[in-house]
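Enquirer: Here is my input, please return the structure:
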Amino acid sequence: MEVVNRNSTGQGLWVPVDSTSSPTLYVGSLVKSAGDGVGLVAIASGARDTSQKQVLCGVVTATNDNAYTKTTDETTLQDKITGMTSQAAQTARNFWGANQGPIPANDPQPFVYIEQIDAATILRAPLYNATWGVAPTLLTVTTGSSTGLGFTSNACDFTPVADLCTSFGRSGANVSIARISDDTSTTVETNDVSFPQDIAVGDKFVRVPLRPCFESFVQIDAKSMFFDISQTPATNYFSIIVLRLDLSVAGKEYVEFKFSPEHFMARA
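Expert: This next block holds a predicted model:
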């Protein structure tokens, strides 16, 4: 996940990694205020995360591990860092000094540099199927339509919710055209607004549980680095405002968006 346009007064800053839970934070992770620093944003629980009411604060862009000791995650190839508490663990570190504001350059505590975010910040998140780097399943039409109002195919990656999902043409007469679907089936897609051309057997599509514009419901992965398109937008989710949904390239699908304001407010 990355910040693409601040659109606000937010700025980058060095912050300590929470040692209470000693989380592992990754470059690209979404973080929240936690314990004695920042922690990883957890997978949403409840509609708009109402069970946890997490308050988002930023995206990690760097760690203060130095070039000789930094650790890279094998799956995402992004740097990562873990919180620690003891004197021995801290003094044994090789690190870059954060040296910002009240933080002295010789403080060995694990720090991350974050881009602060708020409800005006535009972010970009990859769209993967449950696992980092795994693209949405390519759907091959087995029953087409002469009206452009739907198709039957192999199963998509989630259980659709009416008016909250997008179907996008990858090949055939409707290539690069998207429609919001109104079905709840993994295999039988329907849409109120027809695709402009007939849908033929063998045409290719992808489906994702986001709308191409305005409010959508999304779920993050366990490292808080991408939106998991295998999750149904029905029970547990964050709310976002979609600005751009790009499904044109397999494995590089992404969304540009803003988080809805409630994710930045303490909620009773």
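
Enquirer: quick check, distance from the helix or strand of the chain with the lowest mean pLDDT to the centre of its chain.
Expert: Taking mean pLDDT, DSSP states H and E as the measure, the helix or strand of the chain with the lowest value is helix 87-91, at a mean of 85. Remark: helix 87-91 is offset 34 Å from the chain centroid, using C-alpha atoms, centre = their mean, to the nearest Å.

Enquirer: what's that helix in contact with?
Expert: If you take C-beta atoms under 8 Å, 6 or more residues apart in numbering as the criterion, helix 87-91 is touched by 84, 108, 109. For every residue, glycine as well, the C-beta is placed using N, CA and C.

Enquirer: And for the second one, the neighbour number?
Expert: The number of residues packed near residue 108 is 16, by other C-beta atoms under 10 Å.

Enquirer: so what's it closest to, chain neighbours aside?
Expert: Distance criterion C-beta to C-beta, 6 or more residues apart in numbering; nearest residue to residue 108, sequence neighbours excluded, is residue 90 at 4.2 Å.

Enquirer: Quick check: the one you found vs residue 139, distance?
Expert: 51 Å (C-beta to C-beta, to the nearest Å).

Enquirer: quick one, strands of the stretch 51-200 of the chain?
Expert: Listed in chain order, the strands of the stretch 51-200 of the chain (DSSP state E, counting those that start in this stretch) span 56-63, 71-72, 79-82, 111-116, 122-128, 139-143, 150-153, 165-169, 178-181, 188-190.

Enquirer: The shortest one pairs with which strands?
Expert: Strands flanking strand 71-72 in the sheet, each with its direction: strand 79-82 (antiparallel) (DSSP bridges).
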